[in-house]
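Undergrad: fold the following.
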Amino acid sequence: MGMKYKIYPERHLLVDVLDKIITLNDLERLFHHEISNEQFPNVKRVLSDISNTEAGLTAEDIYNFIKLIISPTPPDNFRWSILTAKPHQAALSFIVMHDKFFEGIVGVFSTLEAAIKFLDIQFHPDELNDPDFIVFE
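TA: I've put the predicted structure just below:
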């Protein structure tokens with residue numbers, strides 16, 4: 001299991017990158033750490049790269065995760081791009097995208113370029129390797 005995230009405050013952007021086998025507990029731990037970051041209240045864009053994860057989650061796990069992360073109202077102009085590379089990742093991501101709370105604010109993409117375009121941000125692929133990501137093993 002491996003996870004990392006970084007907040008780019010000037011762009012109101014949170015980027016998280018997950019790889020290997022990810023469980024519901026891993027997602028919950030990452031989410032709680034991200035929202036406790038002092039810069040999190042300014043986040044209006046999220047890019048989640050799950051393209052290197054393996055099937056460790058079920059549809060039920062995703063429904064439970066959605067219950068955890070929804071709030072009474074999303075921030076104004078909030079957008080979330082999920083970058084996938086495998087059918088199982090895409091299927092689970094579509095559950096999030098089609099949830100009533102996230103309708104219209106979540107996109108699922110197979111290329112980083114499309115994910116960035118949906119977020120309407122400037123982001124270079126090399127930034128996924130910035131050395132100052134907060135890393136969880």
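Undergrad: so in this protein, which helix runs the longest?
TA: Criterion DSSP state H: the longest helix present in the chain is helix 24-36.
Undergrad: now do it: distance to the chain's middle.
TA: 11 Å (C-alpha atoms, centre = their mean, to the nearest Å).
Undergrad: again, but for stretch 21-39
TA: On C-alpha atoms, centre = their mean, the centre of stretch 21-39 falls 10 Å from the chain's centre.
Undergrad: cool, and stretch 40-47?
TA: Put simply, stretch 40-47 sits 10 Å off its chain's centre (C-alpha atoms, centre = their mean).
Undergrad: tell me which residues of that stretch come out buried.
TA: Neighbour counts over stretch 40-47 (16 or more other C-beta atoms under 10 Å) mark Val43, Lys44, Arg45, Val46, Leu47 as buried. (Glycine included, C-beta is placed from N, CA and C.)
Undergrad: now render those residues as JSON lines, adding secondary structure, pLDDT and distance to Phe65.
TA: Output for these, formatted as JSON lines (DSSP: H, G, I helix; E, B strand; the rest coil; pLDDT from 0 to 100; distance: C-beta to C-beta, whole Å):
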{"residue": "Val43", "secondary structure": "coil", "pLDDT": "94", "distance to Phe65": "18"}
{"residue": "Lys44", "secondary structure": "coil", "pLDDT": "94", "distance to Phe65": "20"}
{"residue": "Arg45", "secondary structure": "strand", "pLDDT": "96", "distance to Phe65": "19"}
{"residue": "Val46", "secondary structure": "strand", "pLDDT": "96", "distance to Phe65": "14"}
{"residue": "Leu47", "secondary structure": "strand", "pLDDT": "98", "distance to Phe65": "17"}
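Undergrad: pull the most distant pair out of these.
TA: Lys44 and Leu47 (11.9 Å; C-beta to C-beta).
Undergrad: partners of the most centrally placed residue in the chain in the sheet?
TA: The residue lying closest to the centre of the chain (C-alpha atoms, centre = their mean) is Ser48, at 3.0 Å. Applying DSSP bridges to Ser48 gives these bridge partners: Asp16, Ile82.
Undergrad: quick one on the thing from earlier: elements contacting the longest helix of the chain?
TA: Secondary-structure packing of helix 24-36 (3 or more C-beta pairs under 8 Å, 6 or more residues apart in numbering; DSSP states H and E): strand 2-8, strand 13-21, helix 59-69, strand 134-136.
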